[in-house]
Structure formats: C-alpha cells, structure tokens
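Asks: dropping the sequence and predicted coords here.
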Amino acid sequence: MPKETPSRWDRRMQQRLAHGEAAALGELYDRFASLVHGLAHRVLDDEDAADQITREVFTRIWETPEAYEPRQGPLRSYLATLTHQEAVQQLRRTESAVLARTGLGTTEDLERKVRHASAAARADYIVTAMPAPLRAALESAYFQRRDYRQTAADLGVTEDEARRRLRLGLQLLSTAHDSGAPPGRPGRPE
C-alpha cells in the first residue's frame, strides 16, 4: 500500500515547531487537544489522568518535534499514537499498583483491560477520522436505529450508496480489534 503524500499543513507545522514557534504549538493544541484528551480518557476513564496525558503529549511534541516524520503519516495519527502509548503505559502503571496493593486480579486481567481500552480508543479514533459521509451513515444506523433505506432517505442518497457507506464504515470499525494496534498506525505493536 503506497504511503500518502504528507499534507502541506503537517510538514509546515513540524517545521514551525522545530523552529520553536510558540504560536504553532497553540495552533496544534487548538486543533488536536480534544482528540488527544478524548483518546486518553477512553483508555484511562479518568479525567485528571487524561488531562495529564494531554499535557505530556503536547510537551513531548514541543520538546522533540523532529520525532514526527511527515512521510510516515499524518500528524493527527502521530499524536493519536503518542496518546495511545502514553495512556496505555499509565493504565498499566496504575492497574499494576492496584494489583500489587490489593492482590485482586491477575496480570491476565490487566492485559485484558488494556486490550479492551485500546480497542475502544482505536474505535473512537477511527470514527472521528473517517470521512463525514461514512460517519453520518453509521450514526444514522447505530444511534438512530435506522435501516439502510431510512439512512438513504435521511442522507439524501440512493439505497445502494447508503449500503456502500455503511459497509465501508463497518469495515473500518472492524479494524479496531486487529492486533491491539494503537490508533493511527495499524499493525504496529504497542
């Protein structure tokens, strides 16, 4: 599968960060803070911990902007991957401490919890990153409990187009459980 050409915005943002442009960090934060916080919260289920991860991710990109390589993929995916890695590490530390302190549960329970949280975060990322027409079709079918005919009518498209959008959206979502890969970088281990 060929690599996408890096977006001009991603390349320019990386250059601005590398030059220490504080306004670039503010722009990046404004654009992606809700994504980063949402993914961290999905993994950790803790508002304060998600806030901490959000600070850590943006601090890391500020301190080491050269770690992001635009040819490897979009900046959005890079931030999602960083967030996932940091949140999973935090979840493991927190849960391991609880396990050691209480003796309740096993390391298998911990890993099961990490896999579940990772898959949920990946599904959230996939839904927010998918094209709006696919997302709208899934939301109509899932949240409003509409069938493909009703979804077609809601979206003003043919029934065949509604089925195609639903099928593609579901195919994308089905990758959320593939190998526990972090969001944004399918198939790469944690």
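Replies: Cool, the structure landed.
Asks: drop to CA atoms for contacts and neighbour counts, all remaining ones
Replies: Noted.
Asks: helix or strand right after the helix or strand hosting residue 53?
Replies: Using DSSP states H and E, residue 53 maps to helix 47-63. Helices and strands here follow DSSP H and E; after helix 47-63, the next one along the chain is helix 75-102.
Asks: outline the domain layout of this protein.
Replies: As recorded under automatic domain parsing, the domains making up the chain are 8-126, 130-182.
Asks: what's the span of the first one from first residue to last?
Replies: Read that as domain 8-126. 22 Å (C-alpha to C-alpha, to the nearest Å).
Asks: how far off centre is it?
Replies: On the basis of C-alpha atoms, centre = their mean, to the nearest Å, domain 8-126 is displaced by 8 Å from the centre of the chain it belongs to.
Asks: for the record, mean pLDDT for the one helix or strand residue 37 maps to?
Replies: Of the helices and strands defined by DSSP H and E, residue 37 is found in helix 22-44. Helix 22-44 carries an average pLDDT of 95.
Asks: tell me where the model's unsure across this protein.
Replies: Scanning the chain for pLDDT under 70 picks out 1-6, 178-190.
Asks: where's the residue nearest the centre of it, which helix or strand?
Replies: In the chain, the centroid-proximal residue (C-alpha atoms, centre = their mean) is residue 125; its distance is 3.3 Å. Secondary structure from DSSP H and E places residue 125 in helix 107-129.
Asks: give me the helices and strands touching that helix, please.
Replies: On a contact count with 3 or more C-alpha pairs under 8 Å, 6 or more residues apart in numbering; DSSP states H and E, helix 107-129 meets helix 22-44, helix 75-102, helix 159-174.
Asks: now do the contacts for residue 12.
Replies: If you count contacts by C-alpha atoms under 8 Å, 6 or more residues apart in numbering, residue 12 has none.
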